[in-house]
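Asker: Give me a 3D structure for the following:
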Amino acid sequence: MFLPKAELHLHIEGTLEPELAFELAARNGVTLPYADTDALREAYRFEDLQSFLNLYYELMAVLRTERDFEDLANAYLARAAAQGVRHAEIFFDPQAHTSRGLDIGTVVEGLWRALGNSEANHGVSTRLILCFLRDESAESALATLDAAKPYLDRITGVGLDSAEVGHPPVKFRAVYEAAAALGLRRVAHAGEEGPPEYITEALDVLGVERVDHGLRCVEDPALVERLVRDRVPLTLCPLSNVRLRTVDTLADHPLPAMLDAGLMCTVNSDDPAYFGGYAGDNFDAVRATLGLTDERLRELARNSFLASFLEDDEELRARYLAEVEAHTFR
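Answerer: Prediction:
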């Protein structure tokens with residue numbers, strides 16, 4: 001039985017398994033440049049973040065209708081629930097879809113068909129976070145936020161993802177200020193491939209409440225001290241870090257040292273269809289490879305709920321935390 005947990009770093013487009021990709025391609029008349037699912041899986045050998053992103057955006061061509069996005073989200077929620085996820089805060093990339101002719105409403109409404117019924121159908125509460133592509137312009141981000149305004153009753157926050165190097169957080173100051181004025185929560189990818197300075201900038205310029213990845217904070221002791229003092233959550237993705245060569249092997253991952261330093265770490269799956277594991281798989285991997293104790297795993301799960309945007313339902317958060325404390329490890 002998997003430890004109850006919240007997943008706070010999950011790109012819904014990154015849950016597109018090869019089987020579903022081929023199913024949607026057939027449904028929508030899209031020809032994929034792969035003979036079969038085995039050939040597609042062979043393409044999941046990445047040298048870095050950009051090599052992954054190239055395939056990630058290529059496969060999005062199969063997502064065309066509200067039904068496609070609903071099927072994608074339901075498939076993820078079923079897998080996540082089976083691995084102990086009780087709450088999921090899900091990223092989506094509207095610019096990756098509007099740039100190929102889809103309306104943002106198609107994406108949001110399709111996802112919401114699944115997310116709106118997730119507690120009843122999967123036992124998983126959800127929040128939806130709109131991410132801006134950092135390798136697109138600041139003007140495009142502002143236009144995307146404007147287009148999303150009719151759907152803000154379904155969107156909890158904004159994030160920042162895609163190619164990090166060369167696209168510092170300050171580029172998106174204006175759109176984050178606009179998002180804050182709309183009452184949206186703010187997170188951002190920083191310190192995955194980019195330097196520790198990007199983490200500081202995300203905090204000081206964008207006003208983020210959580211840092212997605214944040215792995216490279218360990219290179220700056222003063223930053224680590226600040227993150228510990230301010231209890232800033234980090235949404236780490238261990239199997240992703242290995243697949244994208246951020247760390248050479250899982251045994252090299254700094255997670256144990258980060259926990260020992262007092263950092264508020266969480267463990268998540270990022271893009272699980274591409275990186276070899278969902279949330280529970282990541283927990284199992286760090287337990288087996290890094291030798292984390294049961295209490296350390298419980299700390300990670302506890303952190304995930306404390307770092308979640310569940311302020312509007314503290315009773316639910318308390319129930320989830322009680323499940324963590326009551327869990328019996330096997």
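
Asker: Distance check, T126 against G194.
Answerer: From T126 across to G194, the span is 28 Å (Cβ to Cβ, to the nearest Å). The C-beta positions use only the backbone N, C-alpha and C, and glycine is treated the same way.

Asker: Check I129 too.
Answerer: 19 Å.

Asker: More neighbours: which of the two?
Answerer: Under the criterion of other Cβ atoms under 10 Å, the comparison of I129 against G194 puts I129 first, with 26 against 23.

Asker: For L115, grab the count of nearby residues.
Answerer: For L115, using other Cβ under 10 Å, the count is 24.

Asker: oh, I was asking about A181
Answerer: The number of residues near A181, taken as other Cβ under 10 Å, comes to 8.

Asker: Over to N28?
Answerer: 14.

Asker: tell me the contacts of T266?
Answerer: With Cβ atoms under 8 Å, 6 or more residues apart in numbering as the criterion, the residues that contact T266 are A6, L8, H9, P233, L234, T235, L236, L300, N303, S304, A307.

Asker: SS state for the second one?
Answerer: If I follow you right, that is L8. When classified by DSSP: H, G, I helix; E, B strand; the rest coil, L8 comes out as strand.

Asker: any idea how far E23 is from it?
Answerer: In terms of Cβ to Cβ, L8 sits 28 Å off from E23.

Asker: of those two, who's got more company?
Answerer: Taking other Cβ under 10 Å, L8 and E23 do not tie; L8 has more neighbours (29 against 15).

Asker: wait, the more buried one sits on F305?
Answerer: No. Judged on Cβ atoms under 8 Å, L8 makes no contact with F305 at a distance of 9.5 Å.

Asker: now the worst-scoring helix or strand of the chain on mean pLDDT, how far from the chain's geometric center?
Answerer: Among the helices and strands of the chain, helix 49-59 carries the lowest confidence by mean pLDDT, DSSP states H and E, at a mean of 90. Computed by Cα atoms, centre = their mean, to the nearest Å, the chain-centroid distance of helix 49-59 equals 16 Å.

Asker: now swap in stretch 123-137 and tell me
Answerer: So, by Cα atoms, centre = their mean, the centroid of stretch 123-137 is 8 Å from its chain's centroid.

Asker: What residues sit buried inside that stretch?
Answerer: Within stretch 123-137, the residues scored as buried using 16 or more other Cβ atoms under 10 Å are 124-136.

Asker: Inside strands: which ones of those?
Answerer: S125, T126, R127, L128, I129, L130, C131, F132, L133 (DSSP state E).

Asker: dump the residue contacts of the fourth one.
Answerer: Which is L128. Per Cβ under 8 Å, 6+ apart, neighbours of L128: E89, I90, F92, V108, L111, W112, L115, R154, I155, T156.

Asker: now those residues: which count as buried?
Answerer: For these, buried by 16+ other Cβ under 10 Å: E89, I90, F92, V108, L111, W112, L115, R154, I155, T156.

Asker: want to try JSON lines for the residues you listed, with distance to A279, secondary structure and pLDDT as columns?
Answerer: Output for these, formatted as JSON lines (distance: Cβ to Cβ, whole Å; DSSP: H, G, I helix; E, B strand; the rest coil; pLDDT from 0 to 100):
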{"residue": "E89", "distance to A279": "12", "secondary structure": "strand", "pLDDT": "98"}
{"residue": "I90", "distance to A279": "12", "secondary structure": "strand", "pLDDT": "98"}
{"residue": "F92", "distance to A279": "18", "secondary structure": "strand", "pLDDT": "98"}
{"residue": "V108", "distance to A279": "23", "secondary structure": "helix", "pLDDT": "98"}
{"residue": "L111", "distance to A279": "18", "secondary structure": "helix", "pLDDT": "98"}
{"residue": "W112", "distance to A279": "22", "secondary structure": "helix", "pLDDT": "98"}
{"residue": "L115", "distance to A279": "17", "secondary structure": "helix", "pLDDT": "98"}
{"residue": "R154", "distance to A279": "23", "secondary structure": "coil", "pLDDT": "97"}
{"residue": "I155", "distance to A279": "22", "secondary structure": "coil", "pLDDT": "98"}
{"residue": "T156", "distance to A279": "19", "secondary structure": "coil", "pLDDT": "98"}
